[in-house]
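1. Model the structure of this input:
(chains A and B)
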Amino acid sequence: MKNRLRVLRAEQNWSQAELGMRVGVSRQAINAIETGKYDPGLPLAMKIARVFVRKVEEVFELEDGD
Amino acid sequence: MGVRPSSNPGVRLLKHVVASFVVGLVAVATAARVLDGDPESVVLRVSMVALGLGGFLYWAWVVSRVIEAQDEFSRRLHLVALAIAFAATGLFVFTAWLLQHAHFIYYVPLWTVLGTMVLAWWLSIVVTTRYYAR
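-> Have a look, this model is predicted:
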């Protein structure tokens, strides 16, 4: 699954730790999502989309192999 | 002057793990000490087995609560680490069983198996955390 987390975070000038704090997870979790090593569950994906005031599909996108 | 309780949830959880470990260790050590004396009473032997098991189960329960209290990513790390540790311990037991049947070794103490499991668990947590952190 692809995501636009890094871009959206940069637009807000938020650090990984700050985004993690806003959605209730660790900085390591945000880093793992951004690097594609971890796909978040639906509640976390929705929380992330909500803090960016976006729809989930505007932040996360399925790839062909998913 | 009283000591202020820590407001850091991570520190609180760690304190619970350490406290439950000490309680579990005391329970298991007490049970083992009594059982080593070969008591005749069945009730006492059953009680000591229950005490030892209770100590271990209490520690395991606290650890599971600590893992459950973390965010979903940390829970995933622990699940992956536990799966790796389970596989490594299974491999160890299977290998030991085969070596025993081939008469290369005579006997593997249960404590060695338990130690291997704990070591594999710790190593897999380290490896899993490093993998996801890169």
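2. Which residue does chain A have closest to chain B?
-> Taking Cβ to the nearest Cβ, chain B has its nearest neighbour within chain A at residue A:29, 3.4 Å off. To be clear about C-beta, it is placed using only N, CA and C from the backbone, and glycine gets the same treatment.
3. Just the pLDDT for that residue.
-> Listed pLDDT for residue A:29 reads 93.
4. Quick check: it touching residue B:74?
-> Yes - counting by Cβ atoms under 8 Å, residue A:29 touches residue B:74, with 7.3 Å between them.
5. number of nearby residues for the closest residue to residue B:108 other than its chain neighbours?
-> Of all residues not flanking residue B:108 in the chain, residue B:96 sits nearest, at 4.4 Å (Cβ to Cβ, 6 or more residues apart in numbering or on different chains). The tally of other residues near residue B:96 (other Cβ atoms under 10 Å in any protein chain shown) stands at 17.
6. Where does the residue of chain A closest to chain B fall, secondary structure wise?
-> Assessed by DSSP states H and E, residue A:29 sits inside helix A:27-34.
7. could you check the angle helix A:27-34 makes with the helix or strand just after that helix?
-> Counting by DSSP H and E, the next helix or strand C-terminal to helix A:27-34 is helix A:42-51. Helix A:42-51 runs at 90 degrees relative to helix A:27-34, counting by axes from the mean of the first three to the mean of the last three Cα atoms, to 10 degrees.
8. can you tell me if the next helix or strand after helix A:42-51 touches chain B.
-> In the C-terminal direction, the helix or strand that comes right after helix A:42-51 (DSSP H and E) is helix A:56-59. No - Helix A:56-59 lies out of reach of chain B by Cβ under 8 Å from any Cβ of the partner chain, never closer than 15.6 Å.
9. Does the helix or strand that helix A:56-59 is followed by pack against any helices or strands, and if so which?
-> Proceeding N to C from helix A:56-59, the next assigned helix or strand is strand A:60-61, under DSSP H and E. Applying 3 or more Cβ pairs under 8 Å, 6 or more residues apart in numbering or on different chains; DSSP states H and E, we find strand A:60-61 packed against strand A:2-3.
10. Adjacent strands (with direction) for the strand it packs on?
-> In the sheet, strand A:2-3 lines up against strand A:60-61 (antiparallel) (DSSP bridges).
11. And for the strand it pairs with, what's in contact with it?
-> Applying Cβ atoms under 8 Å, 6 or more residues apart in numbering or on different chains, the contact partners of strand A:60-61 are A:1, A:2, A:3, A:4, A:40, A:45, A:49.
12. If anything else comes up later, I'll come back, but that's it for now.
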